[in-house]
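# Need a 3D model of the sequence below.
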Amino acid sequence: MKGKDHHYIPNPKQFTHEIVEETKVLRNGIAEGITHIHYPLDLRHNNYLKSLSRNLHDLLEKKLWLKILISMGLGILFGLFLGPLGGYVDPVSAEIIGEWVALPGYIFLALLKMIVIPLVFASIILGVASQSMSELKKTGLLTAVYFIMTTAIATSIGLGMALYIQPGRFISGDLIESTLGGEVQAVSTGLSFDPSVLNSPSLLVGSLFPSNPLGAMVNGEMLQVVFIAIIIGVALVSLDKGQSTPMVSFLNSVQSICMTVVKWSMSLAPIAVFGLLTKFTIKLGIDALMGMAVYVGTVLASLVLLMCLNLLIIFFVARCNPFDFLKSIRDVLLLAFSTSSSAAVMPLTLKTAEENLGVRPSISQFVIPLGATANMNGTALYQGVATVFLAEVFGIHLGPFQLLIVMVMAVAASIGTPSIPGVGIIVLAMILGSVGIPTSGIALIMGVDRILDMCRTAVNVAGDLVTCKVMDRLLREKAEKNIKTDADLMASESSNV
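Just a heads-up that it's a prediction; the model follows:
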């Protein structure tokens with residue numbers, strides 16, 4: 001505390017402790033007949049160390065992102081120590097140790113995955129039911145258009161970067177031969193395109209509405225759960241308040257229970273990240289990344305461009321400082337990077353949107369669960385890069401029509417992609433088959449997919465939070481304009497009277 005004369009008043013306990021220490025020094029000096037007292041250097045050093053230790057403890061206690069970052073670094077180092085690079089433990093024992101070290105990570109992911117379905121279900125219904133029918137039309141239409149546009153732009157960035165850098169030129173024939181054997185020679189250089197793939201939208205729409213809603217929840221069919229929740233939410237908006245209140249109260253309780261489980265699981269986050277990255281590093285090793293460096297660099301550079309686009313949208317559309325935005329979401333981005341699952345971190349994403357970014361719950365509870373399933377910008381971008389890369393590896397030329405098909409398939413597939421680790425490879429296989437590229441080429445990129453999956457998941461989550469902020473800003477401005485217009489109209493009518 002500082003007064004008007006700017007004299008510092010110390011903490012009473014600390015002040016008393018310092019007086020006691022100084023008294024001891026003075027007493028010892030008098031006993032030894034010393035007239036000039038010099039405080040021991042080690043006493044001042046100990047006080048400094050105690051202060052530094054206290055500050056570090058407070059930093060680690062309050063900053064989840066720092067704990068996760070430290071855990072990531074320690075996990076990678078420990079994995080390298082146990083893996084082939086270290087050579088201190090045989091591979092079989094190292095894999096067993098990695099599995100046991102990753103046990104807290106499995107528990108962490110299991111806790112979060114356990115509540116994903118009920119949380120998505122409750123959050124979307126509450127997000128829809130908290131709006132009027134006119135607001136719902138605006139929110140739903142704006143969000144859908146935004147998702148489609150940004151996903152198409154992300155895919156275009158991936159295709160453009162891959163066509164410009166041409167990462168497939170840097171893969172040697174020996175690597176392909178050793179990875180795929182004789183399958184490469186069997187590939188035809190012509191492009192085969194199956195027109196039946198154009199019928200996939202009708203098949204997709206047919207699978208959106210399950211005959212058994214409970215079965216969709218049990219089986220974890222996220223896209224179907226989202227559509228069920230939207231339909232129930234719209235139905236609740238249409239009901240009288242007396243009829244909808246019991247259901248809304250029940251769903252509020254479900255959501256509160258889920259967020260309590262999130263709070264418990266977050267205490268495990270740093271240990272979980274350490275274990276998961278240790279296991280990942282043991283399995284991947286350092287050599288697997290070397291031969292795919294250009295491909296990995298192309299994907300990462302494309303993701304950086306997409307992230308820069310998100311920050312430009314935040315600055316120009318949401319009118320928010322990009323650096324403040326990144327600071328507010330760093331915890332959830334690091335966790336998304338570590339877990340490779342936007343669904344697993346969705347509870348924290350909701351909390352971040354509402355508490356750190358100030359997004360209204362009616363917006364966040366609609367956009368975040370929907371975005372975890374339908375807004376996979378990073379995944380769509382990755383699929384564009386991977387498709388061009390494998391086409392170059394196999395010597396297949398992709399013309400404008402084929403690139404358009406890749407873009408349409410990537411956008412459509414990313415909208416229905418489950419938000420779980422590694423699913424991008426499954427979707428990639430479908431896209432490769434649609435433009436005549438052998439799906440066996442996926443074996444080339446499997447070794448480095450995990451690290452890329454982690455990066456694109458972080459970008460996916462960032463995209464969901466950007467969407468939240470943008471929708472909140474746009475809809476708030478529209479509401480304010482409507483209120484101002486109504487006020488002006490009433491004022492003009494009163495003046496005429």
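# in the stretch 351-497 of the chain, what spans have low per-residue confidence?
413-426, 440-441, 443-444, 446-448, 479-497 (pLDDT under 70).
# Next: the stretch 101-250 of the chain.
Using pLDDT under 70, the flagged stretches of the stretch 101-250 of the chain are 131, 171-208, 222-223.
# go again using 80 as the cut-off
The stretch 101-250 of the chain contains residues with pLDDT under 80 at 108-110, 112-113, 115-117, 119-120, 123-124, 127-138, 169-212, 216, 219-226.
# Please report the distance of Ala110 from Ala102.
12 Å (Cβ to Cβ, to the nearest Å). (Each C-beta comes from the backbone N, C-alpha and C, glycine too.)
# Tell me which of these two has more neighbours.
Per other Cβ atoms under 10 Å, whichever of Ala110 and Ala102 has more neighbours is Ala102, with 22 against 11.
# In contact with the more buried one, which residues?
275-276, 278-279 (Cβ atoms under 8 Å, 6 or more residues apart in numbering).
# Now do the phi/psi pair for it.
phi -80, psi 0 (degrees, to the nearest 10).
# cool, and Val89?
Torsion angles, degrees, to the nearest 10, at Val89: phi -130, psi 140.
# Touching, it and Leu82? I think so.
Yes: Val89 is within contact range of Leu82, at 5.1 Å (criterion: Cβ atoms under 8 Å).
# More neighbours: these two, which one.
Leu82 (24 against 17).
# The more buried one and Leu251, how far apart?
46 Å.
# what do you get for Ala122?
Per Cβ to Cβ, Ala122 is found 4 Å from Leu251.
# so what's Ile363 up against?
Applying Cβ under 8 Å, 6+ apart, the residues contacting Ile363 are 127, 139, 468, 471-472, 475.
# where does it land in three-state SS?
Classification of Ile363 by DSSP: H, G, I helix; E, B strand; the rest coil places it in helix.
# Surely Gly210 is within a helix?
Heads up, residue 210 is Pro, not Gly. No: using three-state DSSP, the assignment for Pro210 is coil, not a helix.
# Now for the closest residue to it other than its chain neighbours, how many residues are close by?
Nearest residue to Pro210, sequence neighbours excluded (Cβ to Cβ, 6 or more residues apart in numbering): Ala216, at 4.2 Å. Other residues near Ala216 come to 21 when the count uses other Cβ under 10 Å.
# which ones are touching Ala216?
210, 224-225, 228.
# Please identify which of those residues is nearest to Leu335.
Val225 (22.5 Å; Cβ to Cβ).
# tell me which element the closest one is part of?
helix 222-238 (DSSP states H and E).
# what does that helix rub up against?
Residues contacting helix 222-238 (Cβ under 8 Å, 6+ apart): 116-117, 120-121, 124-129, 131-133, 136, 140, 207-210, 213, 216-217, 244, 247-248, 343, 369-370, 372-374, 415-416, 418-419.
# Are any of those buried, and if so which?
Among those, the ones that count as buried by 16 or more other Cβ atoms under 10 Å are 116-117, 120-121, 124-129, 131, 136, 140, 210, 213, 216-217, 247-248, 343, 369-370, 372-374, 415-416, 418-419.
# Give me the subset of those residues that lies in strands.
Under the assignment DSSP state E, the buried ones among the contacts of helix 222-238 contribute nothing to strands.
# Dump stretch 145-153 to CSV, restricted to CA.
The C-alpha coordinates for stretch 145-153 follow below in CSV (Å, rounded to 0.1, in the frame of the first residue of the first chain):
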residue,chain,number,x,y,z
VAL,A,145,-22.6,-19.5,-44.0
TYR,A,146,-19.5,-18.5,-41.9
PHE,A,147,-18.5,-22.2,-41.4
ILE,A,148,-18.8,-23.0,-45.1
MET,A,149,-16.9,-19.9,-46.3
THR,A,150,-14.0,-20.3,-43.8
THR,A,151,-13.7,-24.0,-44.5
ALA,A,152,-13.6,-23.4,-48.2
ILE,A,153,-11.0,-20.7,-47.8
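# before we move on, the earlier item: distance of the residue nearest to Pro210 from Ser342?
19 Å.
# Equivalent analysis for Gln402, please.
For Gln402, the distance to Ser342 - Cβ to Cβ - is 29 Å.
# Settle it for me: which of those two has more neighbours?
Set Gln402 next to Ser342 and count neighbours by other Cβ under 10 Å: Ser342 wins out with 31 against 19.
# Ramachandran angles for the more buried one?
Backbone torsions for Ser342, taken as degrees, to the nearest 10, come to phi -70, psi -20.
# what separates it from Leu85, distance-wise?
According to Cβ to Cβ, Ser342 and Leu85 sit 31 Å apart.
# cool, His397 as well?
In terms of Cβ to Cβ, His397 sits 39 Å off from Leu85.
# So between those two, which is more surrounded?
A direct count of neighbours by other Cβ under 10 Å for His397 and Leu85 places Leu85 higher, at 14 against 10.
# Can you give me the pLDDT of the more buried one?
Note on Leu85: pLDDT of 70.
# quick one: it is in a strand?
No: under the criterion used here (three-state DSSP), Leu85 is coil, not part of a strand.
# picking that back up, could you single out the nearest of the contacts of Ala216 to Phe337?
Taking the contacts of Ala216 together and measuring to Phe337 by Cβ to Cβ, the closest member is Val225, at 25.3 Å.
# got a list of what Met247 touches?
Contacts of Met247 (Cβ under 8 Å, 6+ apart): 125, 236.
# how close does it get to Ile431?
40 Å.
# cool, and Gly158?
For Gly158, the distance to Ile431 - Cβ to Cβ - is 12 Å.
# what touches both of those two?
Gln383.
# of the two, who's got more company?
Of the pair Gly158 and Ile431, Gly158 is the one with more neighbours under other Cβ under 10 Å, namely 32 against 24.
# what about Pro104, how many neighbours?
Count around Pro104 with other Cβ under 10 Å applied: 18.
# And for Phe323?
By other Cβ under 10 Å, 11 other residues sit near Phe323.
# quick one: which helix or strand includes it?
Assigned by DSSP H and E, Phe323 belongs to helix 322-339.
# Please report how far the closest residue to Ala94 other than its chain neighbours lies from Thr349.
Excluding the flanking residues, the one nearest Ala94 by Cβ to Cβ, 6+ apart is Leu82, at 4.4 Å. Leu82 sits 32 Å away from Thr349, going by Cβ to Cβ.
# Please apply the same query to Thr339.
Distance, Thr339 to Thr349, by Cβ to Cβ: 12 Å.
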